[in-house]
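*Asks:* sequence and predicted structure, then a few things I'm wondering about:
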Amino acid sequence: MTNKQQILAKRPVGMPDAETWTLTTTEVPELKEGEVIIKNHFVSLDPAMRGWMNDAKSYIPPVQIGEVMRAGTIGTVVKANKHPKYKKGDVLTGWGGVQQYTITDGTNYYPVDTNLAPMPTYIGTLGMPGMTAYFGILEVGKIKEGDVVLVSGAAGAVGSVVGQIAKIKGCTVVGIAGGPDKCRYVVEELGFDACIDYKNENVPAGIKQHCPKGIDVYFDNVGGEILDAALGRLRMHARVVICGAISQYNNKENVKGPSNYLSLLVNRATMQGMVVMDYAKDYQTAAQEMGQWMMEGKLKSKEDIYEGIENFHETFQRLFTGEKKGKLVLKVIEE
């Protein structure tokens, strides 16, 4: 059995190019006792992957040169060697990497039921992006009914779920997204109250228009100038959730920090970073509640799926060019 893998070949400066990874084909080794082979059907593509390539201190060690590129995956157990929990045919999600097959002892893998939702949903709305949205807006953002919530990256995997949860909880929700098509999607399909097109509108003016009394919670996925614009419209005791800064990830210079940070002092506001792994023990509870919302039609899930492990670099770039809606997924193996 052969396994195609995307191996990190060099540390990128700026936007990763095609030479950042090398596609290799290896033989899948024999299983040791207590291990399983997972046939990965789908790989999750997330902005955080850009940070994992940097040789810098972070919340998780960097991917090393010569290693399979780290990524969330979902797939089927095709062989098990006396594993205490998993058997052939089980569907598991975990950190399988950008490869077609993964051998694991099952650590940090979770079984899922594909009768309740299709595989890609478990690496999207019911996976890491959905968990990030759930805990970010509820635990860190501490939203309450009547809050005015501003969400950047509103058409993306995390932002789209953040806004929908805030609506479920009785908030007024304004999104920020790139282009009229995405803004229409955010308002008409996801149910946001309004959406600011950062590519064609003045963002500070848009925030002032749609949040005339200011912002109670800003959920930040982009950083940079948009973060600054949001800081300028905070209400008293506002909460700013720092989830990501996709506008800064491919900078060749230093990250640009906020110049409006004194608004935090004036408004007695807080700005807090969040990393989804901190909430791992509660994932199952969150997934049950979100699954219920999905069944009730209150929470929509969208996966943008591309095919072919050979097309990993081209698909990865869509995270940063904006050529996608919802959760970006790569199908790496034929059924």
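*Replies:* Nice, I can see it. Numbers count the residues shown, from 1 in each chain.

*Asks:* all helices of the stretch 101-250 of the chain, in order?
*Replies:* Taking DSSP state H, counting those that start in this stretch as the criterion, the stretch 101-250 of the chain contains helices spanning 128-135, 157-168, 180-184, 203-210, 224-231.

*Asks:* can I get these in JSON lines with mean neighbour count, mean pLDDT and distance to residue 238?
*Replies:* In short, each C-beta sits where N, CA and C put it, glycine included. As requested, these are exported to JSON lines (neighbours: other CB atoms under 10 Å; pLDDT from 0 to 100; distance: least, CB to CB, whole Å):
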{"stretch": "helix 128-135", "mean neighbour count": "26", "mean pLDDT": "95", "distance to residue 238": "19"}
{"stretch": "helix 157-168", "mean neighbour count": "27", "mean pLDDT": "97", "distance to residue 238": "14"}
{"stretch": "helix 180-184", "mean neighbour count": "17", "mean pLDDT": "97", "distance to residue 238": "24"}
{"stretch": "helix 203-210", "mean neighbour count": "17", "mean pLDDT": "98", "distance to residue 238": "13"}
{"stretch": "helix 224-231", "mean neighbour count": "22", "mean pLDDT": "95", "distance to residue 238": "9"}
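
*Asks:* just send these back as CSV, with distance to residue 77 too.
*Replies:* Output for the helices of the stretch 101-250 of the chain, formatted as CSV (distance: least, CB to CB, whole Å):
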stretch, distance to residue 77
helix 128-135, 21
helix 157-168, 26
helix 180-184, 37
helix 203-210, 47
helix 224-231, 43
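
*Asks:* out of the ones you listed, which is closest to residue 275?
*Replies:* Counting by CB to CB, residue 275 lies closest to helix 128-135 out of the helices of the stretch 101-250 of the chain; the figure is 8.5 Å.

*Asks:* now do the closest one and helix 157-168, the angle between them.
*Replies:* 40 degrees (axes from the mean of the first three to the mean of the last three CA atoms, to 10 degrees).

*Asks:* how far away from the center of its chain is helix 128-135?
*Replies:* Counting by CA atoms, centre = their mean, to the nearest Å, helix 128-135 is centred 8 Å from the centre of its parent chain.

*Asks:* give me the residues contacting that helix.
*Replies:* When contacts are defined by CB atoms under 8 Å, 6 or more residues apart in numbering, helix 128-135 is touched by residues 44, 46, 72, 123-124, 157-159, 161-162, 165, 243, 274, 276, 278-279, 282-283, 286-287, 289-290, 301, 327.

*Asks:* redo that, cut-off 7 Å
*Replies:* With CB atoms under 7 Å, 6 or more residues apart in numbering as the test, helix 128-135 has contacts from 44, 46, 72, 124, 157-158, 161-162, 165, 243, 274, 276, 279, 283, 286, 290, 327.

*Asks:* among these, which ones are in strands?
*Replies:* Assignment to strands by DSSP state E places the following of the contacts of helix 128-135 there: 44, 327.

*Asks:* got the contact list for residue 329?
*Replies:* Residue 329 sits in contact with 42, 44-45, 120, 123-124, 303-305, where contact means CB under 7 Å, 6+ apart.

*Asks:* just the buried subset of those, written out for PyMOL, thanks.
*Replies:* The PyMOL command for the buried members of those (criterion: 16 or more other CB atoms under 10 Å) is given here:
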select buried, resi 42+44+45+120+123+124+303+304
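
*Asks:* re the thing from before, right, and the helices of the stretch 101-250 of the chain - which one's nearest residue 56?
*Replies:* From the helices of the stretch 101-250 of the chain, taking CB to CB, the stretch that ends up closest is helix 224-231, at 19.0 Å.
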